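Enquirer: with the sequence up front, the predicted model follows.
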Amino acid sequence: MIPARADIVVVGGGSAGCTLAATLAGRPGRTVVLLESGPGYASTGTAPPELLDASRLPVGPESRWTAQYPVLLAGRPGTIARGRVLGGSGAVNGGYFVRGRPGDFDAWPPSWSFDHVLPYFRLIEHDSDFGDEWHGAAGPVPVSRTPWSRLHAVARAFHDAAVAAGHLPVEDLNAPGPVGVGRVPLNIANGVRMGPALSSLMPALASPNLTVCSGTRARRVVMSGAEAVGVEVDGGDGVAFIEAGSVVLCAGAVESPRLLLLSGIGPADELATLGVAPVVDLPGVGTGFTDHPEVAVPYRYRSDLPLGTAVLETVLHTDELELRPYTAPFADSVPGSGAAVPVLGVVLTRPRSRGRLIFDARDPYAAPLLDYGYLDDPRDRAALRHGVATAVHLLAAMDGVVDPHSVPTGAADVDDEWLAAHLGTSQHLSGSCRMGSDDSAVVDDRCRVHGAERLFVADTSVFPQVPSRGPHATVVMLARRVADAL
Ligand SMILES: Cc1cc2nc3c(=O)[nH]c(=O)nc-3n(C[C@H](O)[C@H](O)[C@H](O)COP(=O)(O)OP(=O)(O)OC[C@H]3O[C@@H](n4cnc5c(N)ncnc54)[C@H](O)[C@@H]3O)c2cc1C
């Protein structure tokens, strides 16, 4: 049953929305409605098993738990998946829960400096490996690293090859300090992917002030002048209206900007093309997003190796790269993906390329095209070529695990064509409704939409740029902090 009114309507039950709604639910006195367009569940015990198994990502073409979007990667067409289920992308992801680096927050408004956000990183987690000033011990998200004794052979061999090549071993990738190679902090407990739906929302479901409406899509925010007064929703039985004291968009980096546009908030020319009556002219909506380009360097294992519990257990960072020795071919870890060859991922952590969402003027409700603009900048191409050379060097040194004849290419062979043919994305889409005060900013440093009232965006859309690490821990931190500010 869809309520007629709530003090706060949170749109999107993904990583940010579950965190935000669960935090608000713990504070009596205000009613909260969480809208999720995908399917829901009411307990960990009734969650779909595919969402629990952390050794597999249920995001292949047949997945029931994702929305698929068309993309252009360096001009080449493809598709990406985003979670479309209670828990969002955090319910289907790799379980890699690493914080943004202190320097990443230099691009954010001053009130989001690392010193300001560290207490919230601590609040969201309980880290079972470290109990020092950098870590939390009482937060909802369990964080740990695969014990050395249980590391997958690929993860271990990669770590040892990187150390032998002179990279610094780093015990704790979630503490500030120099970069190097180390074990990945994971939000995985006993093989279960513990995203914010399981870790935060399920325990909050009993709160009398929280209503979760799964299978309910927000169509647009209803505006009265510049004031958000409610949300138009479709729960399968026709269109309904929920009156709201405040509306918080947590629909993710594709759907939050789309909802703003459909509500009359966005670039004036785009609104005119889409035939939407303008409310606030905000040129930055849907433009200038960032994500991590990832080049897959293929190779073969020397012998059959078992599946790892996590898809990624160790990782190497340099100033601008992340090297990812995946513990299984994607054919195993992403059912339906068909990619049977193991790969070492080479990720550009501070890309210069910027992307944009392209909406279909004939049908604004159709999935937008994501044009990533990857490899536009020659410095990005040079950094990725350097990363592939490092990857090839390390693979060649992973004695006893990697078939030395399978490493396909030397650095000299890696031209732009090779990069483009092996290019994908880490699925870390960020910054399609950036936080800030410049002309392209969409929200202020409290996540309030510029020029609108009672309307917030609080998800990966508002990151000024993609952090140099996976965004999951950072978006959970952001949602936790916005809940306090609300
Ligand atoms: C396959 C994959 C693997 C990844 N692996 C990692 C990883 O290992 N580590 C890491 O750090 N990051 C990873 N990421 C990225 C990370 O999971 C996301 O950045 C993060 O979960 C995004 O959080 P969000 O709250 O912004 O959006 P989401 O979690 O995507 O939530 C948005 C939610 O809003 C809902 N929604 C959308 N539109 C509407 C609407 N109109 N009405 C109602 N509901 C709506 C969606 O169904 C969804 O549930 C991965 C992402 C993917 C897709």
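Expert: Perfect, thanks for sending it. Quick caveat, the model's predicted, so the values are computed rather than measured. Residues are numbered from 1 along each chain as shown.
Enquirer: mean confidence for stretch 163-172?
Expert: Taken as a whole, stretch 163-172 has a mean pLDDT of 97.
Enquirer: now do the same end-to-end measure for it.
Expert: Terminal residues of stretch 163-172 are spaced 15 Å apart (Cα to Cα, to the nearest Å).
Enquirer: likewise for stretch 39-58?
Expert: Per Cα to Cα, stretch 39-58 runs 14 Å from first to last residue.
Enquirer: average pLDDT across that stretch?
Expert: Here the average pLDDT along stretch 39-58 is 94.
Enquirer: in that stretch, what's buried?
Expert: By neighbour count on 16 or more other Cβ atoms under 10 Å, the buried set for stretch 39-58 is 40-41, 47-48, 50-52, 54-58. C-beta: built from backbone N, CA, C; applies to glycine.
Enquirer: check contacts around whatever residue of the chain ends up closest to the ligand.
Expert: The nearest approach of the chain to the ligand comes at G14, 1.7 Å away (Cβ to the nearest ligand atom). G14 makes contact with 36, 83, 87-91, 196, 250-252, 459, according to Cβ atoms under 8 Å, 6 or more residues apart in numbering.
Enquirer: list the contacts of P203.
Expert: 22, 140.
Enquirer: per-residue pLDDT of it, please?
Expert: P203 carries a pLDDT value of 96.
Enquirer: quick revisit: which of the contacts of G14 fall in strands?
Expert: If you go by DSSP state E, these have G83 in strands.
Enquirer: of the contacts of G14, which ones also sit close to the ligand?
Expert: Filtering these for proximity to the ligand by Cβ under 6 Å from any ligand atom leaves 36, 83, 88-90, 250-252, 459.
Enquirer: adding neighbour count, write those out as CSV.
Expert: Output for the ones next to the ligand among the contacts of G14, formatted as CSV (neighbours: other Cβ atoms under 10 Å):
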residue, neighbour count
E36, 30
G83, 27
G88, 32
S89, 29
G90, 28
C250, 32
A251, 29
G252, 26
D459, 33
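Enquirer: next, format those as CSV and append distance to A161 and pLDDT.
Expert: What follows is these, written out as CSV (distance: Cβ to Cβ, whole Å; pLDDT from 0 to 100):
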residue, distance to A161, pLDDT
E36, 43, 98
G83, 34, 98
G88, 35, 98
S89, 31, 98
G90, 31, 98
C250, 40, 98
A251, 41, 98
G252, 36, 98
D459, 37, 98
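Enquirer: for the stretch 51-200 of the chain, what lies in contact range of the ligand?
Expert: Counting by Cβ under 6 Å from any ligand atom, the stretch 51-200 of the chain sits next to the ligand at 57, 59, 81-84, 88-90, 92-96.
Enquirer: what's the most distant pair in the residues you listed?
Expert: R84 and Y96 (20.5 Å; Cβ to Cβ).
Enquirer: higher neighbour count, those two?
Expert: Neighbours per residue (other Cβ atoms under 10 Å) separate R84 from Y96, with R84 holding more: 25 against 22.
Enquirer: give the contact list for the more buried one.
Expert: So R84 contacts 37-38, 65-67 (Cβ under 8 Å, 6+ apart).
Enquirer: can I get these in TSV with secondary structure and distance to G288?
Expert: As requested, the contacts of R84 are exported to TSV (DSSP: H, G, I helix; E, B strand; the rest coil; distance: Cβ to Cβ, whole Å):
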residue	secondary structure	distance to G288
S37	coil	25
G38	coil	27
W65	coil	29
T66	strand	25
A67	strand	22
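Enquirer: A361: which of those residues is nearest?
Expert: Among the contacts of R84, A67 lies closest to A361 (Cβ to Cβ), at 20.6 Å.
Enquirer: mind checking pLDDT for that closest one?
Expert: 97.
Enquirer: what's the burial count for it?
Expert: Neighbour tally, A67, other Cβ under 10 Å: 18.
Enquirer: my guess is it contacts P368, does it?
Expert: No: using Cβ atoms under 8 Å, A67 is not in contact with P368; the gap is 11.1 Å.
Enquirer: quick check, I242 in a strand?
Expert: Yes: assessed by DSSP: H, G, I helix; E, B strand; the rest coil, I242 belongs to a strand.
Enquirer: what about the helices in the stretch 1-150 of the chain?
Expert: 15-25, 49-52, 114-124 (DSSP state H, counting those that start in this stretch).
Enquirer: what packs against the first one?
Expert: The contact analysis (3 or more Cβ pairs under 8 Å, 6 or more residues apart in numbering; DSSP states H and E) places helix 15-25 against strand 5-11, strand 32-35, helix 196, helix 202-204, strand 210-213, helix 472-485.
Enquirer: let's see it at 7 Å
Expert: strand 5-11, strand 32-35, helix 196, helix 472-485 (3 or more Cβ pairs under 7 Å, 6 or more residues apart in numbering; DSSP states H and E).
Enquirer: the strands in the stretch 301-450 of the chain, which residues?
Expert: In the stretch 301-450 of the chain, the segments counted as strands under DSSP state E, counting those that start in this stretch are 314-317, 321-325, 343-348, 355-358, 369-371, 423-425.
Enquirer: tabulate those (CSV), appending mean pLDDT.
Expert: What follows is the strands of the stretch 301-450 of the chain, written out as CSV (pLDDT from 0 to 100):
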stretch, mean pLDDT
strand 314-317, 98
strand 321-325, 98
strand 343-348, 96
strand 355-358, 96
strand 369-371, 96
strand 423-425, 95
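Enquirer: mean neighbour count added to the ones you listed, as CSV?
Expert: Output for those, formatted as CSV (neighbours: other Cβ under 10 Å):
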stretch, mean neighbour count
strand 314-317, 26
strand 321-325, 25
strand 343-348, 24
strand 355-358, 20
strand 369-371, 19
strand 423-425, 20
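Enquirer: now those strands as TSV including distance to the ligand?
Expert: Formatted as TSV, the strands of the stretch 301-450 of the chain follow (distance: least, Cβ to the nearest ligand atom, whole Å):
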stretch	distance to the ligand
strand 314-317	11
strand 321-325	10
strand 343-348	11
strand 355-358	13
strand 369-371	12
strand 423-425	9
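Enquirer: please identify which of the ones you listed is closest to P267.
Expert: Minimum separation from P267 across the strands of the stretch 301-450 of the chain (Cβ to Cβ) falls at strand 355-358, 10.3 Å.
Enquirer: direction included, what does the closest one pair against?
Expert: Using DSSP bridges, strand 355-358 pairs in its sheet with strand 287-289 (antiparallel), strand 369-371 (antiparallel).
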